[in-house]
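**Q** Provided below are the primary sequence and the corresponding predicted coordinates.
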Amino acid sequence: MSRWRYLAQRIAMSVPVVFSVITFLFLVLRLGPLDPIAARLGQNAQGANVQRLREEIGLDDPLWEQFADYLVETVTFSGESWVVRNGTDVSDMLLEVAGPTIWLGVWAIVLPLFIGLPLGFYAGLHPNSASDIMANVTGIIWRSMPNFWLAVLALAFLRSTGNGSGPFGFDWYTFGPTTQSAVGTPNLDFATIGDVFGAPMLTGMDWSAFFVDVKLILPAAIILGSSSMAAELRLGRTAVLENVNSNYVETAKAKGLKGRTIVWKHVFRNALIPLVPIVTNEAFILIGGSVIMEQIFNINGLGRMYFRAIQTADVPLAGSIVFLFTVIIIFLNILQDILYTIIDPRVGYDQ
Amino acid sequence: MSRNADGSKPDRTRRRLLAALGGSASVALAGCSAIFGGDDEDGEDGGETPTPSGDGEDGEDGGSSDGEDGEDGGSSDGEDGEDGGDMTHADKAQAAWETVANNPSPKDQDLRNEAYVEIEEAVRDDMVMINFAHDITENFWYPKVDWDRTGALGGSYHQHKTTSVEGSDRLQLVNSTNSSLDPVESDDTASATVIHKCYDKLVHYPQGVPELQNQVLDSFELSDDGLTYTFSLKEGVMFQNGDELTASDVKYTIRRLAEADQSVRAEFVFDAPNGAGIAHETETVTDDEGNESEEVVPDSLAIEIVDDYTLKVTTEVPNPAVMDVLTYQAFGILPEGLIGDIEGYDGEVGVDTLRTQQTFGTGPWQLESWSQNEEMLLSRFDDYYGSTAEQAEIIYRIVEDPEPRWTLILEENLDIFSIPTSFYNRNNYTVNETDDRGRGVGTYYLEQNDVDLGYQRFTSLVTRYFGFNVANTERPVRKAIAYVLGQNEINDQVFEGRKEPAFSFTPPSIWPTGTDGYDQWVSEWPYGTEDEPGASNVQAATQLLEENNIEETEFTVTTYKSPTYQDAAALVRDKLASTSVNFTLEEAAFSDLIQRGYDGDLQMYSLGWAWSWESVAYGHFGFEPKNTDTSGMPEDNNGYYLDWHVNLSENQ
């Protein structure tokens, strides 16, 4: 079976998954106790207005008709929000808040990758040394702390450092670029996109704005990435250990290869294989975790909007966000399978 | 019934009105408190509300009513004499409500106030509803802020014209998320907070203090028949787009509220007394699918423009609440013809501009920028007709979660705020003085920043209660529950002291006979113990049940899904354990609870009521016994789900 055929098969198989996810969401929201009309009209809602609004958003149509509309609107992102920002196009809303979430996600993936992996590899190359034990123990502790708890603690610490009252005179607000608050949404307007020969290109960079945005997202990103950072550390260590003690390393040594070459060219490459699913699985954590992080750090992103949409039974908006999340996860799953074959040619698609 | 005097629209005159508040949830989810309101079942029930049964106990209930008062002993309220021989409590309430409805003129205020107290007495003595908590609002501010305190109607009315912050041009406030600044479309507190600042109305409650003050209105006269209001407007009032305000703008504004499709409060134009009750014509409209509905005829409202600064508004029936209703933010005045969503106008701007991009009112503030769900910036409107605001800008930080709110507070990124309950320490506040409106002012010690914050505490216009369906419950049982309830204990254990124990439906700040009258009312409270009205008195309850030979009785309380109401009900259950009443707790989704209320299928239920304006009537209309008949709900009756009409002598 060729790689392309495999890809097509995987995509076809994902259709029922997407369908059941968005159907389930529809059922939960429409048949559950949440009421978009109540959310929109408030406590003293009265009959005539309730009725008019029900008709306006089509709650009195037959359920299958509502479902059909919902399906089409969801997969084409053409719906209009019912409650959160009633009457606004869902696609506009998603575009508006996607930025901060992507920004958060990128840093939450990059940071653990560049901290967790090197630490793990280092620990694996120096097994049972003091630094290995250090890295391992901190990794385990780090991983056992739940995100939401860590976030609350971190925020309490950061806000207590105002006016240099943190340990050793540390002051988060003046550390690096000065910021007014430890919470908030990054502006993300540091890059100037200009027209170069007819194509939009990056023409300018406002580095101070860039660093402010990084600083705003940093605590949330570190905490969001914390559990995967620890996972990468521990798995990286195991993978390296396993490879270092395997026969081909022995052979390479016998052939007279230099230690550095063995490690960089062979051990690392083989050690990466079990790490691929860890890194792609992170995406799941990021999507779920962004809801909590954005709530605590007051970041106006997809996660917070999703939370509001669910709370207020804003079916079109919640549906579109869930659809987006599902598609991302399925895409990452497929990407993971493809990556396997690239990193390890021994893995193929034949039975 | 004066409200039915108008034969042409029986549906309009009695429209259901319901309200409910979440327990702590409504506080925690500030902007989302709306979740807990509304009615899901409206479309489905199509008028087939079953008639409640339970006639069996009518006889014992009504007949023995007067004799029982005497036995109660503790409740010697001295009004037994007035009641007259065969008058039941329900009769008394019915008569009192009719007094209110038939005497709408301002000079009859005392008469109405007496009637309001009589309604409260009837509710108390027949025990059809046990109120247990009024909400408390607390405000905190850094010492650098100088501002006029908020009144009982809440901070959304506060215009912050005289508020000043030492060393800053900018006032930093917190708000919840909202989606639209179109006055007729925005019913939530977060939107109201901004709309009241950008759109002036005819009249206003300054800082939320329940005392009417003119905004663009210069003066008004009420005709002798109590129907026609002649409004004279101030001259030289400028809109933010540079036009001058005239009478036609006011008419356009009210017409939009009544006729525009997206208006969510059209009944505030039509209904009385929970609305202005302006005369109008209706027509039957058939939509594409053949459904018929009654709609207002475009431009049929009885509003007559006399000249540029004078207009006459005629109400359907005399209505004491007209001026109060006009303070609602949906009456925020727009320039005529701004939006083309009612007949006769093409519109100058699209409705989206009004909703999210620009404000067009005559208020002291105008929208500068709004980054949805992040922050909103208002700037001072320099051509404001009154004295312009002190500060140059207001920034609203839009935050709902307690963690970031608390962070912003400690960082001094908020000037006036409320402290989330999870970070609140009830030992840290001291009240130094209480003003004549019952507002306590003092300090709150903020440990983290080692600073004494300004502090204000007052009872807001929200009441939480347990109602009884009279047809399904026996009076001795209702009274026994009132005895054991113990408002003080509920307040202390369930609400952490952040509520005020309630002894009446009407909150103390708008009690018809003033603060002294309210104190007397509480001291005469017949339930509880002799020294402490808010205490739980199991002994008296047991005795009462025994005297009335109440055998083992199954009794169910239905609360909607809210831990606080459940906890309150559980306290009552524990107290009743030693009596013959087997009290069980039941939870229902909000819309189910409402539907069962309509069906007359409840025994005891929990809900809340919030006042949109300061009027005792906007709360008491739901007690009129005939209006509590659930068989007419939701079409004809909009009272509480009490079925109190069964106790009227005419029904016995």
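**A** Right, received. Where do you want to start?
**Q** which parts of the stretch 51-200 of chain A are strands?
**A** Along the stretch 51-200 of chain A, the stretches classed as strands by DSSP state E, counting those that start in this stretch are A:191-196, A:199-205.
**Q** low-confidence regions, the chain specifically.
**A** Picked chain A for this. A:1, A:33, A:41-51, A:193-196, A:198, A:200-203, A:348-351 (pLDDT under 70).
**Q** try chain B instead
**A** B:1-85, B:287-291, B:561-562, B:589-591, B:634-635.
**Q** which strand is the longest one in it?
**A** Longest strand in chain B, counting residues (DSSP state E): strand B:451-468.
**Q** what residues does the stretch 151-300 of chain A have near chain B?
**A** Taking CB under 8 Å from any CB of the partner chain as the test, the list of the stretch 151-300 of chain A residues beside chain B reads A:151-152, A:155, A:158-160, A:162, A:173, A:180-185, A:295-298, A:300. To be clear about C-beta, it is placed using only N, CA and C from the backbone, and glycine gets the same treatment.
**Q** quick check: what element follows the longest helix along chain B along the chain?
**A** Determined from DSSP state H, the single longest helix within chain B is helix B:109-126. As assigned by DSSP states H and E, the chain's next helix or strand after helix B:109-126 is strand B:129-141.
**Q** strands paired with the helix or strand following that following strand, and their directions?
**A** Using DSSP H and E, the helix or strand that follows strand B:129-141 towards the C-terminus is strand B:145-146. Paired with strand B:145-146 in the same sheet, following DSSP bridges, are strand B:164-165 (antiparallel).
**Q** for the partner strand, which outside residues touch it?
**A** B:144-147, B:171-172, B:390-391, B:415 (CB atoms under 8 Å, 6 or more residues apart in numbering or on different chains).
**Q** which of the residues of the stretch 151-300 of chain A next to chain B are buried, as a ChimeraX select command?
**A** Entered in ChimeraX, the line below selects the buried ones among these, by 16 or more other CB atoms under 10 Å in any protein chain shown:
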select /A:151,152,155,158,159,162,173,181,182,183,184,185,295,296,297,298,300
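**Q** give me the subset of the residues of the stretch 151-300 of chain A next to chain B that lies in helices.
**A** Mapping those onto helices (DSSP H) picks out A:151-152, A:155, A:158-160, A:295-296.
**Q** check which helix or strand covers the residue of the stretch 101-250 of chain B at minimum distance from chain A.
**A** Residue nearest to chain A within the stretch 101-250 of chain B: residue B:179 (4.1 Å; CB to the nearest CB). According to DSSP H and E, residue B:179 maps onto no helix or strand at all.
**Q** report how many residues lie close to it.
**A** 23 (other CB atoms under 10 Å in any protein chain shown).
**Q** list the contacts of it.
**A** Counting by CB under 8 Å, 6+ apart, the residues that residue B:179 touches are A:83-86, A:88, B:186, B:191, B:355-356, B:372.
**Q** next: residue A:276.
**A** By CB under 8 Å, 6+ apart, the contact list for residue A:276 reads A:336, A:339-340, A:343.
**Q** over to residue B:613?
**A** Neighbouring residues of residue B:613 by CB under 8 Å, 6+ apart: B:153, B:205, B:321, B:324-325, B:327-328.
**Q** got those residues as JSON lines, with secondary structure columns?
**A** What follows is the contacts of residue B:613, written out as JSON lines (DSSP: H, G, I helix; E, B strand; the rest coil):
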{"residue": "B:153", "secondary structure": "coil"}
{"residue": "B:205", "secondary structure": "coil"}
{"residue": "B:321", "secondary structure": "coil"}
{"residue": "B:324", "secondary structure": "helix"}
{"residue": "B:325", "secondary structure": "helix"}
{"residue": "B:327", "secondary structure": "coil"}
{"residue": "B:328", "secondary structure": "coil"}
